[in-house]
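1. My questions concern the predicted model and sequence given below.
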Amino acid sequence: MHDWKNVKIIIFDLDGTLIDSVAGTMKAYIYAFTRMNIEPPPEKDIRTLLVYGLMSVFSKYINEGRLDEAVGFYREYYRTKSIFEAVPYDGITEALAALKFAGKTLLIATMKQRDLAEEQVNYCLGKFFEAVYGIVPEARIDRKQDIISLILKEHGLSACDAVMVGDRHNDVTSASTNGVASIGVLWGYGSETELRGAGALAIAQQPCNLIDLILDNENSSVNVGP
């Protein structure tokens, strides 16, 4: 069984792990496609691509020469409306407070553009997090594995000092690429089959399980993998 109690830093995915933001996100995509005079694709098709980031959605449906325009419309809507439509999942703030009180450093790694993510986190979750890491196009940081690598480098950490908490396979595989172990969560957009298949070492059914698992392994009520 993995010893989570000794980790110094907990890296959280944002959407689907900390906040439910899918409604506002979908509205931003629909707004962008509409402004481009393009029929928006079905919501289920957009959801499938969300895990890979903003460009993965637009690049499938829009010519390369108009991608920047589409992204601009998306961010126009997201910054003014979608940011304020997201809500923390039930139990998340209590779990974050307990982990922070226990001395853990809490960070976010998201496929959102970093400045947008920072604004949304400040609005939805207050000051639980030491830093928010996201996409930085000018620095060519545009994959989650790059974001996690940057976190380890900037904080002078080895892989065993951190754990990734996320709801999708990309969270798990991106952490694994950096040698970081992962906990999958089931209140977001992924499934247990997806998360275990990607290599998550444990599955949390609800936010309070994160406290059990990370702070008191022996009494954990989570579903721990082999």
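-> The structure has been received and is ready for your questions.
2. Please compute how far the lengthiest strand in the chain lies from its chain's middle.
-> Counting by DSSP state E, the longest strand found in the chain is strand 105-113. Chain-centre distance of strand 105-113: 6 Å, with CA atoms, centre = their mean, to the nearest Å.
3. change the start of the numbering to 11 and stick with it
-> With 11 as the first residue, the last one maps to strand 115-123.
4. Using PDB, write out every CA atom in that strand.
-> Written as PDB, here are the backbone C-alpha positions of strand 115-123 (Å, rounded to 0.1, in the frame of the first residue of the first chain):
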ATOM      1  CA  THR A 115       1.100  22.300   0.300                       C
ATOM      2  CA  LEU A 116      -1.800  22.400  -2.100                       C
ATOM      3  CA  LEU A 117      -1.300  23.200  -5.800                       C
ATOM      4  CA  ILE A 118      -3.400  23.000  -8.900                       C
ATOM      5  CA  ALA A 119      -2.400  21.600 -12.300                       C
ATOM      6  CA  THR A 120      -5.100  22.400 -15.000                       C
ATOM      7  CA  MET A 121      -5.400  22.500 -18.700                       C
ATOM      8  CA  LYS A 122      -6.900  25.900 -18.500                       C
ATOM      9  CA  GLN A 123      -4.800  29.000 -19.300                       C
END
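5. Now do the domain split for this structure, please.
-> 14-30+97-234, 32-95 (automatic domain parsing).
6. Can you tell me which of those is most buried?
-> Comparing those by mean neighbour count (mean count of other CB atoms under 10 Å), domain 14-30+97-234 ranks first with a mean of 19. The way it works is simple: take the backbone N, C-alpha and C, and place the C-beta from them, glycine included.
7. coming back round to it: Serialize the domains of the chain to JSON lines and add fields for mean pLDDT.
-> Converted to JSON lines, those look like this (pLDDT from 0 to 100):
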{"stretch": "domain 14-30+97-234", "mean pLDDT": "90"}
{"stretch": "domain 32-95", "mean pLDDT": "89"}
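8. re the thing from before, going C-terminal from the longest strand of the chain, what's the next secondary structure element?
-> helix 124-135 (DSSP states H and E).
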